[in-house]
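Enquirer: Quick check, what structure comes out for this input:
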Amino acid sequence: MSPSRTRRILVCVALSVAGGILAGPAARADGFYEGKSQGWFFYDDGRATAPVDAVEVAPASRVAVAPVPAAPAPASAPSSPEPFSVQWLSQKMQILKLNAMNHPTEGNLLAYMWAQRMMLDMSQNFADVGSKVAAEDPYLNEEVRFPTAAAARSNALWHVDRAREEILTDLSAHAGLWFFFDSRCGFCQDELPTVKALTDKYHFPVRYISEDGAPLQGMRPEAMVVDRNHGTFRSFELKLTPAVVLVVPPSTVMIVAHGAMAQDELQRKIVEAAIDAQLVPQDLMDAAQLEKRGIISPADLDRMKKVAAAANTDDPAELVKLMREAVGRRMPGVVQGTGGHQ
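Expert: Take a look at the predicted model:
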């Protein structure tokens with residue numbers, strides 16, 4: 001048999017076998033088209049599958065959908081400041097200044113300097129009206145609160161010194177001073193003459209208390225007492241020597257001074273301690289604190305906060321009334337009117 005014939009026979013056999021496979025019961029001519037929806041990965045093991053009862057599916061109920069709220073309208077851009085207002089000039093000056101510094105031409109410098117001139121003129125107008133308002137309102141007038149003119153100020157300070165002198169004289173009749181020292185302390189030695197001068201002038205009884213058991217130079221040993229184990233020093237919470245303590249029987253104790261100081265400073269501190277302890281009549285207290293007249297205290301501010309909680313502080317007139325009443329309580333003798341008087 002020739003080779004060509006043999007090849008033709010093999011081809012026919014192969015085609016017959018292929019045709020038999022395609023025509024077999026597992027793969028009918030129309031099986032591919034019928035099962036193509038099962039996909040490439042479908043596998044049928046040939047076992048029968050129990051029929052599944054048809055289940056009637058109810059149509060899905062209609063679900064109400066809430067309407068989507070409309071997007072908020074975009075916020076309107078803030079309005080620009082009014083030309084030649086303080087806000088407008090402040091912004092404009094910053095721009096003009098940077099421009100003039102980056103590009104220092106005559107035109108750029110001229111623009112900036114003219115804007116600056118406008119701001120200075122507005123500041124001057126503000127100051128002029130402010131001076132007029134302060135001159136007409138005694139509670140805002142610093143000349144009324146405490147004189148600034150040389151002659152008037154000198155006279156006012158004389159009244160202050162006189163009131164302090166009277167307070168010290170009255171206080172010495174029912175209070176005393178305790179002077180704590182250490183014989184090795186040079187500042188204690190320097191402060192001793194000051195304490196003696198003060199007691200000689202106002203006749204304060206003084207107790208000299210030694211922390212090391214020895215007297216200062218020029219002090220008689222019998223004129224002092226020794227603070228054993230620093231008990232009194234610690235009980236008063238003193239920090240160093242020399243120290244001066246104001247003692248008012250039966251139980252009032254006030255630290256007046258730590259360290260050495262001049263006599264007038266020591267006198268001032270004694271007066272302030274007596275005022276803080278409310279040991280001074282109101283008239284002398286006001287006279288001795290004349291320089292502080294009209295100054296709002298922390299207690300005044302606390303009172304103002306409580307009043308402001310129920311007031312309309314957005315109303316300028318009501319706000320001024322609240323502040324004027326607070327200052328008025330600190331300025332006795334001044335009557336609010338057209339010009340006020342002392």
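Enquirer: Helix or strand with the lowest mean pLDDT in the chain?
Expert: helix 3-23 (a mean of 43; mean pLDDT, DSSP states H and E).
Enquirer: what's around A274, how many residues?
Expert: 25 (other CB atoms under 10 Å). (C-beta placed from N, C-alpha, C; glycine too.)
Enquirer: pLDDT value on it, please?
Expert: Looking at A274, its pLDDT stands at 94.
Enquirer: That one sits in which helix or strand?
Expert: Using DSSP states H and E, A274 falls within helix 263-276.
Enquirer: Then M254?
Expert: Assigned by DSSP H and E, M254 falls within strand 252-258.
Enquirer: elements contacting the helix holding A274?
Expert: helix 150-172, helix 186-202, strand 243-248, strand 252-258, helix 282-288 (3 or more CB pairs under 8 Å, 6 or more residues apart in numbering; DSSP states H and E).
Enquirer: Can I get the longest one as PDB, trimmed to CA atoms?
Expert: What it means is helix 150-172. Taking Å, rounded to 0.1, in the frame of the first residue of the first chain, the C-alpha atoms of helix 150-172 are listed here in PDB:
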ATOM      1  CA  ALA A 150       2.900 120.300  90.100                       C
ATOM      2  CA  ALA A 151       1.400 122.500  92.700                       C
ATOM      3  CA  ALA A 152      -1.900 120.600  93.000                       C
ATOM      4  CA  ARG A 153       0.000 117.300  93.000                       C
ATOM      5  CA  SER A 154       2.300 118.400  95.800                       C
ATOM      6  CA  ASN A 155      -0.700 119.500  97.800                       C
ATOM      7  CA  ALA A 156      -2.500 116.200  97.300                       C
ATOM      8  CA  LEU A 157       0.600 114.200  98.300                       C
ATOM      9  CA  TRP A 158       0.900 116.300 101.500                       C
ATOM     10  CA  HIS A 159      -2.700 115.200 102.400                       C
ATOM     11  CA  VAL A 160      -1.700 111.600 101.700                       C
ATOM     12  CA  ASP A 161       1.400 111.900 104.000                       C
ATOM     13  CA  ARG A 162      -0.700 113.600 106.700                       C
ATOM     14  CA  ALA A 163      -3.300 110.800 106.700                       C
ATOM     15  CA  ARG A 164      -0.500 108.100 106.900                       C
ATOM     16  CA  GLU A 165       1.000 109.900 109.800                       C
ATOM     17  CA  GLU A 166      -2.300 109.900 111.600                       C
ATOM     18  CA  ILE A 167      -2.800 106.200 110.900                       C
ATOM     19  CA  LEU A 168       0.600 105.300 112.300                       C
ATOM     20  CA  THR A 169       0.000 107.400 115.400                       C
ATOM     21  CA  ASP A 170      -3.400 105.900 116.100                       C
ATOM     22  CA  LEU A 171      -2.100 102.400 115.300                       C
ATOM     23  CA  SER A 172       0.800 102.600 117.800                       C
END
